[in-house]
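Asks: okay, predicted coordinates and the sequence, questions at the end:
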Amino acid sequence: GVFLVIIKGSLETLVSLTFNAGDLLFVAGLICWVVHGLIGKVVMKESPPLFTTTITMLLGSLFFAIWSLFEGRWGNVPNMSGQSWIEMLFLIVCSSVVAFLLWNKGIHQIGASKASLYMNLVPINATWIALLFYGEVITWQQIVGMSMVIIGVYIATTSDKISFIHLKKKKVNNTIT
């Protein structure tokens, strides 16, 4: 589904597909996310999600602060508008702390591999937000791609339940006959 959206339903787009620095950073971000999930799976066997989130946030903030020193724009911070401060506060509290706490709780409860499947829904949610709040237009390719992703996530997250129900019915039928 994601592939269909990327190529916009056109083989010509696939043939002329090029990659830039942003694409490579995106791939690097995905690799970091996978590492985060794998480490989180191991760590959360022994630690509660709140502790894990706290340590993750502190380490992430430290690395972010160090990296931001190379940007050299700290002089702009005192001149930020009220809206910028509110947006930054929302980003810190809701998009980071609350989101990571819920994410880590999900990993703790259902495991990293199953939780990671839900990351496929992030672009879909971003698309709906863009549609509702920014007046963006959704193409048929995006609708088909989103449908494929949703169906894929549904099948992947319920396949254990379906297999379990099938095996349970088979076992019941074997004991009856």
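Replies: That came in fine, so what should we check first?
Asks: give me the number of residues near A115?
Replies: Residues lying near A115 (other Cβ atoms under 10 Å) number 20. Just so you know, the C-beta spots here come from the backbone N, C-alpha and C atoms, and that holds for glycine as well.
Asks: got a pLDDT number for it?
Replies: As summarised for this prediction, A115 has a pLDDT of 80.
Asks: same question for the one 5 residues further on.
Replies: Model confidence at N120, expressed as pLDDT, equals 84.
Asks: distance of it from G145?
Replies: The gap separating N120 from G145 is 11 Å, by Cβ to Cβ, to the nearest Å.
Asks: how about Y118?
Replies: Counting by Cβ to Cβ, the gap from Y118 to G145 is 17 Å.
Asks: returning to that earlier point: neighbour-wise, which of N120 and G145 wins?
Replies: With neighbours defined as other Cβ under 10 Å, N120 and G145 compare such that G145 has more, 23 against 16.
Asks: wait, the more buried one sits on L4?
Replies: Yes - counting by Cβ atoms under 8 Å, L4 is a contact partner of G145 at 4.3 Å.
Asks: going along the chain from the helix or strand bottoming out on mean pLDDT in the chain, find the next helix or strand for me.
Replies: Lowest on mean pLDDT, DSSP states H and E among the helices and strands of the chain sits helix 2-6, with a mean of 68. As assigned by DSSP states H and E, the chain's next helix or strand after helix 2-6 is helix 11-15.
Asks: quick one: average pLDDT of that following helix?
Replies: Averaged over helix 11-15, pLDDT sits at 76.
Asks: chain center to it: distance?
Replies: Relative to its parent chain, helix 11-15 has a centroid offset of 27 Å by Cα atoms, centre = their mean, to the nearest Å.
Asks: swap in stretch 70-88?
Replies: 26 Å.
Asks: contacts for it, please.
Replies: Residues from elsewhere that reach stretch 70-88, judged by Cβ atoms under 8 Å, 6 or more residues apart in numbering: S68.
Asks: C-alpha coordinates for it, PDB please?
Replies: Only the C-alpha atoms of stretch 70-88 are listed here, as PDB (Å, rounded to 0.1, in the frame of the first residue of the first chain):
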ATOM      1  CA  PHE A  70      25.900  22.700  15.900                       C
ATOM      2  CA  GLU A  71      22.900  24.500  14.400                       C
ATOM      3  CA  GLY A  72      23.800  27.700  16.100                       C
ATOM      4  CA  ARG A  73      20.300  29.200  16.400                       C
ATOM      5  CA  TRP A  74      19.900  29.400  20.100                       C
ATOM      6  CA  GLY A  75      19.800  33.200  19.800                       C
ATOM      7  CA  ASN A  76      16.400  32.900  18.100                       C
ATOM      8  CA  VAL A  77      14.800  31.100  21.100                       C
ATOM      9  CA  PRO A  78      14.000  34.200  23.200                       C
ATOM     10  CA  ASN A  79      12.400  35.900  20.200                       C
ATOM     11  CA  MET A  80       9.900  33.100  19.500                       C
ATOM     12  CA  SER A  81       6.200  34.000  19.200                       C
ATOM     13  CA  GLY A  82       3.600  32.900  21.700                       C
ATOM     14  CA  GLN A  83       2.200  30.400  19.100                       C
ATOM     15  CA  SER A  84       5.700  28.900  18.700                       C
ATOM     16  CA  TRP A  85       6.000  28.400  22.400                       C
ATOM     17  CA  ILE A  86       2.600  26.700  22.500                       C
ATOM     18  CA  GLU A  87       3.500  24.500  19.600                       C
ATOM     19  CA  MET A  88       6.800  23.500  21.100                       C
END
